[in-house]
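Participant: I'd like to go over a predicted model; first the sequence, then the structure.
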Amino acid sequence: MSNKFDFPRGLGFASLRAIPYIRGFPAGTMVDAQTNNMPPVQEDDEHEHESGHEEHHQGPARKRQRVRLSCLECRRRKLSCSRELPCDRCIKSGTPDRCTYESRPGAAPAPPPAGDRTSLAPAAPPVVFGSDVRRQSVNLAPVRPNEPSLLRDAARDHERIRRLELEVAQLRGTLSSKQASLDGSTIVASPATLKDSIKDGQSVPSNPSFTPQNIEAPEYQHLRGHDFKTKYFGPHNAWSSLQELTGIFGFMRETAEEWLKPLNIQKKDRRKRKEDREKKATEGDVVLESLLPSKEETDALVAVYLDQFEQIHRIVHLPTFKAEYEAFWDPSKTKTASFTALLLAMIAVSCCLDMQSSSKFVGVKSSSIQMAEKWVRACDEWHERQSQKHRMLVHYQIASLLFLAKKVNLIKKKRFWTTSGKMVREGLTIGLHQDPDHITAKITPYIAEMRRRLWATLVEFDVQSSFDQGLPTLLSSVHNVTDAPKNIDDDSFDENSHELPPSLPASHYTCTSYQNISRRSLALRVELNKLLTGPPVELEWEQVLQYSDMITHEIDQLPAWDLETEKDSDQKPILAHTLLHLQLRQYLIPLHQPYLKLRRFNSKYQTAELIYYTAARDIVMMHDRLYQKGIRTLYFLREDTMNSVINLCNVTLHQPKDSLSLVMSNAQETLRLIERCIIMKEDRVLRCGNNDPWGYSSMCAAMGLLETHMGIKTAEAAKASAAERFISLHYKLLAFQIPPYPNPPHSQTTSPHAAQDPISRAKSITPFPMDATPSMPMAVTPYQQRDGLPMSMPWLLPASDNNQIPVPNPDFNFEMLGSDLNDLWGDWGGEFA
C-alpha cells in the first residue's frame, strides 16, 4: 500500500522547488517526462463520495471543497501570505498568535509551532501548506483503518500528481527547442518564481533562459594596477574590448621591435620618472607649514578629531597615523607636504568643536571658523595641483577630510551634494566599488581594508547629502559589490600584515563598528533615496507601512552596546549608536508627511501622525543626550536640530486647539524639545558664528508660531519674544568683535559678564588658558514689560525715570556684523512664498 504513494526515484526536493506555477497548479509536484511513463488516469475530481456510508448508498455527488492555503488573518486583510506558521505578515504586524489556518474536515489538526518558525505542514499527509509544496514520499505516517477519508484523499492526490506530471512533461517537450538552460532543464518565469526569487534576495533576470550559472563577473577583469593606483574600465570600454582581439598585443609588440626600435625613437624612462615622483613626495611645502599652529594646539585639535570623528567615519589607520605624526614633529626630518595637508584638513574638522570658552569674532564668523576656512582653502589648492594619475592613499584621505571640514563648518553648503557625487565618481574610476579580495590587481591586505573603509565613508557622505538636498544619488545605479569593512580594531593589523583577522561579532564594539553595521541598511536607504528624490510617485498607504516596517526592522537589528563608557575611554559607542539610529529614523518623516493633511479626512492616517511625531521627537532626544555629555559631533555634522523643530511644529499645528490627541497632549513637551534644539543651535552659532543665519531665525519663528497656536502667548508677544531671542544672540556676537566695540560715552559701568562664555558650555579638553577678550558692556536697563513678559533690549538707552519711554541707543548698531538682519526675517521667505 505504501509503494502506491511513493514518488518516482528521479524526483528530488530540489527539483520540486525549482519548477514554477504553470496553468494555476502549484510548483514542486512535477518531474521530467523520462521518469514518468504512466498513462494518465481518468478521474473526475468534481464527484466523489465523502464517507464510507456513501460508497454503499448512491447518494447525491458533492463538489469537493478546496483547502485555502493562506492563513485566516491574511485572508481577512486580503493580503498575500507566505503560508508559514506564523507567516511573515503576522510577524511584521506583531500578531503571530492570530496566524491560524483552515483545515479540511476530517484531517488531523496542524501541530503547534515550535520555538523556531517552520514551514506549515500538518501531520496528515494529504494536506500540505506553504509556498513550496512538498509531498512526503518516505516514511509516511500509517493510515489507520478508521480513517477512510484520509486514505481516499491521499489516493486521489497521488493520481492527480501523476496526471499533472505528464502534462508538464508535454509542456517541457514543446518549450525545449526554444529555451534550454545549461543543466538541460527548462524554467519558465512566472509571477510566482519572481516573488520567490525576490523573497530569497536573488535578482531575477528578464530572460527566462538566463540562469545564475550563466552569470560571470566581468567587472573584476577590468581593474588594473596596485594599491590605490588602480583604474577601472567597464566591460564595454574600448580598452576592455581590445582584449577580445586574439594576438593584438603580441602583434603590436613585434611591430615595435622590428620597425620602430631601429628608428631610435626615444622611450620613456619610467624608472627615472618614478624616482622623481617619489623624491617630490618627500619634499615639504613652505606655504602649508606656515599655516600650522603650534604643536601644543595641534595636539589638542588632532585628539578631538581622533576621539570623535574616527568613531564613525574611518579615514585614517590610527597606529599608522600616530607613528607618522610623531615623526612629523622630529626637527631632523623633513615635513612632507602630503602629511602637512592631511594635518591641516584634520584640524580644520575639529577647530570649532575645540574652541576656547571665549572666542573672537569678525562679523558673524568666529576667528576659529575663519582659520578653518583658510586651512581648507590652502589644502584644496594643494590637492588640485596633484597628479590625478599617480594618487596614493593619502590623497583620498585628504579629500575625505576636506569634505568633512566643509560640512562641519558649513563652507560652501550648496556644493555638498555635487562634491560628494564627485568623490563617488572618483572612487568608481579606481574601482573602490569592487571588493579587493576578488580582483586580480595587486593589493595588500592593509590597502584592501583601507579601500573598503574609504569607500564606505564616501558612500555615507553621498547618501546623506542626497537626503539633505533632496536630489538623487549616483549609488542607486552603481553595482556595489565591495564587502563591508571588517569589525576589527586598528591594532590588529598594519601595513606589513599578510592576512586580516576575522571580523568580530556586531555585539563587540570597535571603532569600525559603525561602518560595518551601517552597510546592512545601505540598500534600503539607497532605495528610499531613489523613491523620495526620483520621479514623483504616489505611494499607496500599504507601501508606506511596508517601508516603515522595514525601517523599524533595521532599527531593531542594531546592537545594544554599553553607552555609559568612561570619559577618558578611546571608544565612544554612543556616537555610532546614535548615528545608526538617526540615519534610519530620518526616513520615517518624509514617508509619512503627505498623510498629515489627510488625517482629518480619514482616521486610519492617525498612524502616520504618530510615527511622524515620534520620529522627530526621538531625533531631538538623541541629540540632546549627546549634548548633555558634551559631544557636539553629530549636531555639527548634521542638520537634524533645525529639521526637527520644523517637523515638531508642523505636526502640532495640524492639531485643533481643543484636541485631546496624543500629539496635542504632549505640546508642552514639544515646546521643551524645541527649546533644546534652539539652545544647541545657539551653541553652534557662538562657536562658529552665524554663517547660516536663516536656520536660526526660522527656528525662533517656528517656536513663536507654535506658542501662538497653543494659546500660551498672543501673536504680538510671540513676535516680540522671537525678535528678542534673535537680537540677543547677535548682541553676544557683537560683544566679541575684533576690534572690540567702543564703550558708549554715556555709560561708565562695566559688564560683569566680560570675557566670560555667553552660554553654559562643557569644559574644553584643551589645556590652553582662556583668552580674555574685552566685550561691549551691556546697559543696565530696567526690563520693560510687554503683555506681562520682560524684555531685555540692549539697543535702548536706560531711562532716568522708570515712567519715561526708553530711547534708541545711537551708538548701538549691527553694521560690524556685516549682514542685514531684516533680510533674514522679511525678504528671504518671499523667495519660497
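Facilitator: That came through, no problem.

Participant: how much space is there between residue 620 and residue 699?
Facilitator: Counting by Cβ to Cβ, to the nearest Å, the gap from residue 620 to residue 699 is 12 Å. Heads up, the C-betas are built off the backbone N, CA and C, glycines and all.

Participant: which neighbours do the two share?
Facilitator: 641, 677 (Cβ atoms under 8 Å, 6 or more residues apart in numbering).

Participant: got the contact list for the nearest residue to residue 313 once chain neighbours are set aside?
Facilitator: With Cβ to Cβ, 6 or more residues apart in numbering as the criterion, residue 313 has its nearest non-adjacent residue at 4.8 Å, and that residue is residue 457. Going by Cβ under 8 Å, 6+ apart, residue 457 touches 313, 314, 315, 400, 515.

Participant: Can you pull the poorly scored residue ranges out of the stretch 1-150 of the chain?
Facilitator: Regions of the stretch 1-150 of the chain meeting the criterion pLDDT under 70 cover residues 1-67, 103-150.

Participant: Show me the shaky parts of the stretch 351-500 of the chain.
Facilitator: Short version for the stretch 351-500 of the chain, where the test is pLDDT under 70: 354-359, 363, 440-441.

Participant: Could you rerun that using 90?
Facilitator: 351-370, 387-391, 410, 434-443, 477, 479, 481 (pLDDT under 90).

Participant: ok, now how distant is residue 560 from residue 290?
Facilitator: 49 Å.

Participant: just residue 96 next, same as before
Facilitator: Counting by Cβ to Cβ - residue 96 and residue 290 are separated by 67 Å.

Participant: out of the two, which sits in the busier spot?
Facilitator: residue 96 (16 against 9; other Cβ atoms under 10 Å).

Participant: Could you double-check that that one lies in contact with residue 86?
Facilitator: Yes - Residue 96 is within contact range of residue 86, at 3.8 Å (criterion: Cβ atoms under 8 Å).

Participant: picking up where we left off before, with neighbour count and secondary structure as new columns, can the contacts of residue 457 be given to me in JSON lines?
Facilitator: Output for these, formatted as JSON lines (neighbours: other Cβ atoms under 10 Å; DSSP: H, G, I helix; E, B strand; the rest coil):
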{"residue": "313", "neighbour count": "22", "secondary structure": "coil"}
{"residue": "314", "neighbour count": "24", "secondary structure": "coil"}
{"residue": "315", "neighbour count": "23", "secondary structure": "coil"}
{"residue": "400", "neighbour count": "21", "secondary structure": "helix"}
{"residue": "515", "neighbour count": "24", "secondary structure": "helix"}
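
Participant: Tell me the one of these nearest residue 730?
Facilitator: Taking Cβ to Cβ as the measure, residue 730 sits nearest to residue 313 out of the contacts of residue 457, at 33.0 Å.

Participant: Which pLDDT value belongs to the closest one?
Facilitator: For residue 313, the model assigns a pLDDT of 95.

Participant: Could you check how far it is from residue 442?
Facilitator: Distance from residue 313 to residue 442, by Cβ to Cβ: 27 Å.

Participant: same check, this time on residue 492
Facilitator: From residue 492 to residue 442 the distance is 23 Å (Cβ to Cβ).

Participant: so the residue nearest to residue 313 is in which element?
Facilitator: Assessed by DSSP states H and E, residue 457 sits inside helix 445-469.

Participant: right, and residue 481 touches residue 434 too?
Facilitator: Yes - if you go by Cβ under 8 Å, residue 481 and residue 434 touch, sitting 6.1 Å apart.

Participant: out of those two, which sits in the busier spot?
Facilitator: Using other Cβ under 10 Å as the criterion, residue 481 and residue 434 rank with residue 434 on top: 24 against 12.

Participant: so that one touches residue 234, yeah?
Facilitator: No - the pair residue 434 / residue 234 is not scored as a contact, 11.4 Å apart, by Cβ under 8 Å.

Participant: among the contacts of residue 457, which two are most distant?
Facilitator: 400 and 515, at 12.6 Å, using Cβ to Cβ across these.

Participant: show me where the stretch 301-450 of the chain has strands.
Facilitator: 361-362, 365-366 (DSSP state E, counting those that start in this stretch).

Participant: Just the endpoints, please. Distance across stretch 69-82?
Facilitator: 9 Å (Cα to Cα, to the nearest Å).

Participant: in it, what counts as buried?
Facilitator: Of the residues in stretch 69-82, 69, 70, 71, 73, 74, 81, 82 count as buried by neighbour count, 16 or more other Cβ atoms under 10 Å.

Participant: what's around residue 282, how many residues?
Facilitator: So residue 282, with other Cβ under 10 Å, has 11 neighbours.
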